[in-house]
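In: mind folding the following:
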Amino acid sequence: MSIVTYLLGAGASAQCLPVVSNMAEDINQTKTSLKSDINSCLKHDKINPFYTEIIKELNWLRDICNTHFSVDTYAKKLHLSRNTTEYNRLKNVLSLYFSLKQRLTLPDKRYDNFWASILDSIDSLPKNMRIVSWNYDYQLERSFQNFTGSLNLSNAYSNLNMRSFHDDAHFINKDRFGIFKLNGSAKFISESGPRYLVEETTLEPLKYYLDLMISYSHLKPKDSNYYCPVNDLIKKKGKFLKTSLYW
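Out: Numbering: from 1, shown residues only. From the prediction side, this is the model:
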């Protein structure tokens with residue numbers, strides 16, 4: 001049986017997420033959309049410090065986009081110079097940005113057409129097909145979740161036999177449909193294993209952004225130069241170690 005492999009790059013999600021040349025402008029638009037979506041919640045004692053902090057972080061990311069060819073180029077620069085603090089900050093902020101962007105924007109509808117063209121049933125993916133993706137968004141997982149009614153993004157990740165460098169290669173089933181994400185995903189790895197920064201289990205803005213605040217604040221250690229002040233407001237057990245983005 002011959003194997004067909006699809007290679008996916010930034011253009012695969014271009015109707016939902018910006019390509020690198022448009023990212024700085026889109027960050028400004030994302031901030032505007034975020035404020036509109038969360039405006040009624042800004043008087044909340046926990047939301048307002050979070051909102052202030054993420055605007056600061058998004059502005060930092062926007063400035064990186066404006067002064068470098070791409071965030072990937074800047075990441076390589078930080079990696080080569082062994083600037084671990086800024087490197088981890090970049091990964092965290094990108095995870096935040098992609099989580100916000102994919103909350104504020106509907107999935108790229110072309111993925112629906114893709115799943116419709118290859119699925120005979122929701123539990124029957126073609127065994128002779130593989131996908132290799134450069135993208136760290138979760139459009140594949142989110143669109144599959146919506147199309148098939150998967151319980152959540154983590155469940156979609158499992159059903160798609162999706163893997164990245166943070167996964168144990170010994171558990172990859174090479175004889176079935178699978179997706180390998182070369183740059184990881186906008187999620188983080190905790191002591192209990194990898195999960196998405198925020199599972200989209202609610203459409204209520206306040207609940208969504210509180211969840212995002214808790215997750216993001218735990219990504220930022222208190223001894224760092226970019227410590228998030230909402231850590232002082234959050235009392236939640238569990239330690240989130242790092243995002244699962246890779247370059």
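In: isn't S70 up against P18?
Out: No: with contacts counted by C-beta atoms under 8 Å, S70 stays clear of P18, the gap being 11.3 Å. All C-beta atoms are positioned from the backbone trio N, CA, C, and that covers glycine.
In: please report how far the residue most central in space within the chain lies from E53.
Out: Note on the chain: the residue nearest the mean C-alpha position is A186, at 2.3 Å, using C-alpha atoms, centre = their mean. Between A186 and E53 the computed distance is 18 Å (C-beta to C-beta, to the nearest Å).
In: just the pLDDT for H170.
Out: At H170, the pLDDT value in this model is 57.
In: er, L8 actually
Out: The predicted local confidence for L8 is 93.
In: quick one, phi/psi of it?
Out: phi -110, psi 130 (degrees, to the nearest 10).
In: so where is this structure shaky, pLDDT-wise?
Out: The model of the chain has pLDDT under 70 over residues 44, 46, 166, 168-172, 188-211, 213-244, 246-247.
In: quick one, strands of it?
Out: Counting by DSSP state E, the chain has strands at residues 4-8, 129-133, 162-163, 178-181, 184-190, 193-196, 240-245.
In: distance between the first one and the chain's centre?
Out: In this view, strand 4-8 has its centroid 21 Å away from the chain centroid, taken as C-alpha atoms, centre = their mean, to the nearest Å.
In: contacts for it, please.
Out: Applying C-beta atoms under 8 Å, 6 or more residues apart in numbering, the set of residues contacting strand 4-8 from outside is 128-135, 140.
In: next, format these as JSON lines and append neighbour count and distance to N66.
Out: Shown next, in JSON lines, are those (neighbours: other C-beta atoms under 10 Å; distance: C-beta to C-beta, whole Å):
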{"residue": "N128", "neighbour count": "11", "distance to N66": "44"}
{"residue": "M129", "neighbour count": "15", "distance to N66": "39"}
{"residue": "R130", "neighbour count": "18", "distance to N66": "37"}
{"residue": "I131", "neighbour count": "20", "distance to N66": "32"}
{"residue": "V132", "neighbour count": "14", "distance to N66": "30"}
{"residue": "S133", "neighbour count": "22", "distance to N66": "26"}
{"residue": "W134", "neighbour count": "13", "distance to N66": "22"}
{"residue": "N135", "neighbour count": "21", "distance to N66": "22"}
{"residue": "L140", "neighbour count": "26", "distance to N66": "29"}
